[in-house]
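**Q** Sequence plus the predicted model coming up.
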Amino acid sequence: MKNWKKIFIILTVVVILFSFAYVFLMMEAKYLITKKIEQATGRKTTIDKLKIKPPLNLEIKDLEIQDVFKASYIYISPSIPNLLMGRIALNKVRVVNPKVTYQRILAPVVENEPIAGALPASVVTSVALPSTVPVAQSKVFPIIIKKLVIQSGLLNFIDATASNGGIKLKVKDIQFYITNLSTIEVNAVSNFSLKGDISWSTGEPDGKLVFQGWANFYKKDVLANLKIENIDAVVFYPYYSNWVNLEKARIDKAKLNFSSEIKGVDNNVNAVCHLELVDMVRKVRSPDEPQQKAERLTDAVLDMFKSMNQGRVVLDFTLHTKMDQPVFGFANIKSALEGKIMQGRAKAGLRPQDILLLPGKMLQSGFKSGVDFSNAALDGMFALGNGIKEFFEGGADNSAPTD
């Protein structure tokens, strides 16, 4: 009987303490969560409604972090055993209708205080941060999420660092899930799936994004497939405007498809990429307007690609990078395109010294070898002289080109 009385007293105390904690959370959780987010982001945070359902599940309605994030509904189910052991672990997090703004901006350069990291000088990847915010490294918040689900999400992507204008696009109707997500080192496999529609700023039909696979972030292993269909290449023009002139080439629209098989072991990642031009619309030229140099070279390059790939314009290349610091950009595509041009030159039976037979005006970049020609042909692909097409076809014309 004495033992039963002790057990009863202990249970009564636990229930009372839990009740006090529950009431405290009901009254203060909304305030504590908003203040914690404000301290972490430096932005005003508001929550319309917050409910706690037994045992400790949270329901948050209309969470907003100023200029950065909005969500109409968030459900959080914590792992009570982990909480009792002092670890923050969540069994499930479900976010409905989130809206995120992701922005890359140019940060002010401070003398004698270089920015650490892998980004180029003066470039900061941020989430809608103004350029006056100092660059600083923050401590990673330790948390484990067994399952994260995002439904009907929206991402606003803005890149103000691109030359000759910024890049703006939206990823709509995002459906995403991932298992075993953690900010600390945990040896577990994470399965993930990301789907969404890409809305272009040009008003062209939406693109389709699918990214699925698994990853072990502790061992740095990954196996995934990425596919993006109906890419509006004109939107990304600021990224490659320094080596392509769409206006002179009379390119009005261009659609691409991209796919990649990604495999990584022990932090070494190989991504086998396939890029294909599926549609191109040229600007109409009046009958009395002569064909310009850039247009001729565009036709020559397209014809060369088609002859090498059964009438298709495709580019296959393999990207080698690191899982903890993945790097991919238009420089990778440019390098692959250079190799393709060299391959086409070799297939056409052209030797490096043959390039010297080209008219003087076409050698405006001053290159003197086959490699130099490849680079210059890419860097000025739509600005060199005419006659390239005839040259690739085996009949070089040594007459001076005209505009």
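**A** Received it, and whenever you're ready, just let me know what you need. Numbers count the residues shown, from 1 in each chain.
**Q** remind me which residues of the chain are low pLDDT?
**A** Across the chain, the ranges flagged by pLDDT under 70 are 1-27, 107-141, 163-165, 344-403.
**Q** ranges for the strands of it?
**A** With strands called from DSSP state E, the chain shows them at 45-53, 57-65, 69-78, 89-96, 99-106, 123-126, 144-159, 167-182, 190-200, 207-216, 221-232, 251-265, 268-282, 313-322.
**Q** As TSV, the ones you listed with mean neighbour count and distance to Ser307 would be great.
**A** Backbone N, C-alpha and C define where each C-beta goes, glycine included. Below are the strands of the chain laid out as TSV (neighbours: other CB atoms under 10 Å; distance: least, CB to CB, whole Å):
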stretch	mean neighbour count	distance to Ser307
strand 45-53	14	59
strand 57-65	18	53
strand 69-78	17	50
strand 89-96	17	50
strand 99-106	17	39
strand 123-126	16	39
strand 144-159	17	35
strand 167-182	17	33
strand 190-200	18	31
strand 207-216	17	28
strand 221-232	18	24
strand 251-265	17	20
strand 268-282	16	14
strand 313-322	15	10
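**Q** Export those to CSV and append columns for distance to Leu297.
**A** Below are the strands of the chain laid out as CSV (distance: least, CB to CB, whole Å):
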stretch, distance to Leu297
strand 45-53, 54
strand 57-65, 49
strand 69-78, 46
strand 89-96, 49
strand 99-106, 32
strand 123-126, 32
strand 144-159, 29
strand 167-182, 26
strand 190-200, 27
strand 207-216, 28
strand 221-232, 23
strand 251-265, 12
strand 268-282, 13
strand 313-322, 15
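**Q** closest to Gln39 out of the ones you listed?
**A** For Gln39, the closest of those is strand 45-53, at 9.6 Å, according to CB to CB.
**Q** Pull up the pairing partners for that closest one, direction included.
**A** The sheet places strand 45-53 alongside strand 57-65 (antiparallel), with pairing taken from DSSP bridges.
**Q** which one of the strands of the chain lies closest to Leu337?
**A** For Leu337, the closest of these is strand 313-322, at 6.3 Å, according to CB to CB.
**Q** Show residues contacting that closest one.
**A** Applying CB atoms under 8 Å, 6 or more residues apart in numbering, the set of residues contacting strand 313-322 from outside is 260, 267-277, 302, 305-306, 327-328, 332-333, 335-337, 339-340.
**Q** go again using 6 Å as the cut-off
**A** If you take CB atoms under 6 Å, 6 or more residues apart in numbering as the criterion, strand 313-322 is touched by 267, 269-277, 305, 327, 332, 336.
**Q** Report the angle between it and strand 251-265.
**A** Orientation check (axes from the mean of the first three to the mean of the last three CA atoms, to 10 degrees): strand 313-322 against strand 251-265 gives 40 degrees.
**Q** do you know how far the residue nearest to Ala233 when sequence neighbours are not counted is from Ile65?
**A** Nearest non-adjacent residue to Ala233, counting by CB to CB, 6 or more residues apart in numbering: Ala254, 4.0 Å away. Per CB to CB, to the nearest Å, Ala254 is found 37 Å from Ile65.
**Q** quick one on the thing from earlier: who is the residue nearest to Ala233 paired with across the strands?
**A** Counting by DSSP bridges, Ala254 is bridged to Met280.
**Q** The one 4 residues further on now?
**A** Beta-bridge pairing for Phe258 (DSSP bridges): Ile228, Leu275.
**Q** Quick check: it vs Leu319, distance?
**A** As judged by CB to CB, Phe258 and Leu319 stand 12 Å apart.
**Q** Next: Gly166.
**A** 25 Å.
**Q** what number of residues lie near Thr202?
**A** 10 (other CB atoms under 10 Å).
**Q** what's Arg250 sitting at in phi/psi?
**A** Backbone torsions of Arg250, given as degrees, to the nearest 10, read phi 60, psi 40.
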